[in-house]
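# Sequence and predicted structure below; questions after.
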Amino acid sequence: MTAVATDPTIAEAGAESGASIGVVTFPGTLDDRDAARAVRLAGAKPVNLWHADSTLAGVDGVILPGGFSYGDYLRCGAIAGFAPIMESVVSAANAGMPVLGICNGFQILCESHLLPGALIRNDHQHFICRDQELIVENTNTVWTGDYSQGQTIRIPLKNGEGGFVATEEVLDELEGTGRVALRYQGPNPNGSLRDIAGITNDAGNVVGLMPHPEHAVEAGFGPEDGGGIDGQGFFSSAVRTLVTGR
Amino acid sequence: MARVVVEVMPKPEILDPQGKAISGGMSRLGFTGFGEVRQGKRFELEVEGEVTEEVLAQAREAAEKLLSNPVIENVVAVRAIEEA
């Protein structure tokens, strides 16, 4: 993995190319600032987007951050899935724009049908907050290209409704087509079927995951074990793709 | 005022942790005559005027599109109720 925060070449490349990544704030979003900071540390320009906007302000990629959009009313991510900005996000994603959904953002991607499946209350019924090991299983997505296949990373996980569920057919299809991007390592934290922590769409431009890479991008602020910067790769991968086209 | 009631339940094959927690509370309070508890949702949609077949059709569409998530839930009832 490239430590982009300290790599001036990539940071400059991001700035020179004018690569910009939008971070959407819904009412109840919590992690938009950390996501914007992660984008900045990866060398791209973060752009604040508002749920009631209908355009994406010319950004090259979009992050749907974590939190409790619309108070988790109805179902987590359900109301956000129909927010005005999501129409633009869905059509841009279908046209290939990189889109990353983290935690509540993952729930929103599922509710807006950009990703299959759904996220339900943790099987043990408790909110969970801990540093979590993940295995990177697909490095061919826009958001995971800077990791190596099978790499173990450690980033924070914090959710009450993180149990990934889908029909057996959908799960088999996800497995068979390499679309399980990240899997929980060790004890399953929330009852997610087949230990799935994150998935990608077929094209690899849309990725959703429950754990929080944006909380592990700067030494001293992420998990204590393993350096605390294992989340950088998500943002550096996307910036590299936007800058170099691969 | 007429209303359309929409009822949504978690699919039988989907784990219902809320129902499980309620079931634990039931037995602690001595309500021992019950087994599994499953928790669903009831929506009441106010209707101006009569509940026509068209209104019901719209309610059914809303139930499928917004009020439930077909991956994890079933719409078990969409019906009109009259209030005095």
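Looks like it arrived, so ask away. Residues are numbered from 1 along each chain as shown, chains lettered A, B, ... in the order given.

# all strands of the chain, in order?
Going with chain A. A:20-25, A:45-50, A:61-64, A:99-102, A:118-120, A:128-136, A:152-159, A:163-165, A:180-184, A:196-200, A:206-209 (DSSP state E).

# Switch to chain B, please.
Going by DSSP E, chain B shows strands at B:2-10, B:41-47, B:73-82.

# helices and strands around the first one, which ones?
Judged by 3 or more C-beta pairs under 8 Å, 6 or more residues apart in numbering or on different chains; DSSP states H and E, the packing partners of strand B:2-10 are strand B:41-47, helix B:53-62, strand B:73-82. From N, CA and C alone the C-beta is placed, and that goes for glycine too.

# who does the first one pair up with?
Sheet neighbours of strand B:41-47, with direction, are listed as strand B:2-10 (antiparallel) (DSSP bridges).

# Low-confidence bits of chain B, can you list those?
B:84 (pLDDT under 70).

# Near chain A, which residues of it are found?
Counting by C-beta under 8 Å from any C-beta of the partner chain, the positions of chain B adjacent to chain A are B:10, B:14-15, B:17-18, B:20-21, B:66-67, B:69, B:71-72.

# one more time with 7 Å, if that's ok
Residues of chain B lying close to chain A by C-beta under 7 Å from any C-beta of the partner chain are B:14-15, B:17-18, B:20-21, B:69, B:71-72.

# and the residue nearest to B:Glu7 when sequence neighbours are not counted, how many neighbours?
Setting aside the residues directly before and after it, B:Glu7 is nearest to B:Ala77 in space (C-beta to C-beta, 6 or more residues apart in numbering or on different chains), at 4.2 Å. For B:Ala77, the count of nearby residues is 13 (other C-beta atoms under 10 Å in any protein chain shown).

# picking that back up, just put the strands of chain B in a markdown table and tack on distance to A:Leu157.
A markdown table is the format used below for the strands of chain B (distance: least, C-beta to C-beta, whole Å):
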| stretch | distance to A:Leu157 |
| --- | --- |
| strand B:2-10 | 24 |
| strand B:41-47 | 27 |
| strand B:73-82 | 25 |
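
# Mean neighbour count, those strands: which tops it?
Per-stretch averages of neighbours, counted by mean count of other C-beta atoms under 10 Å in any protein chain shown, single out strand B:2-10 among the strands of chain B, with a mean of 19.
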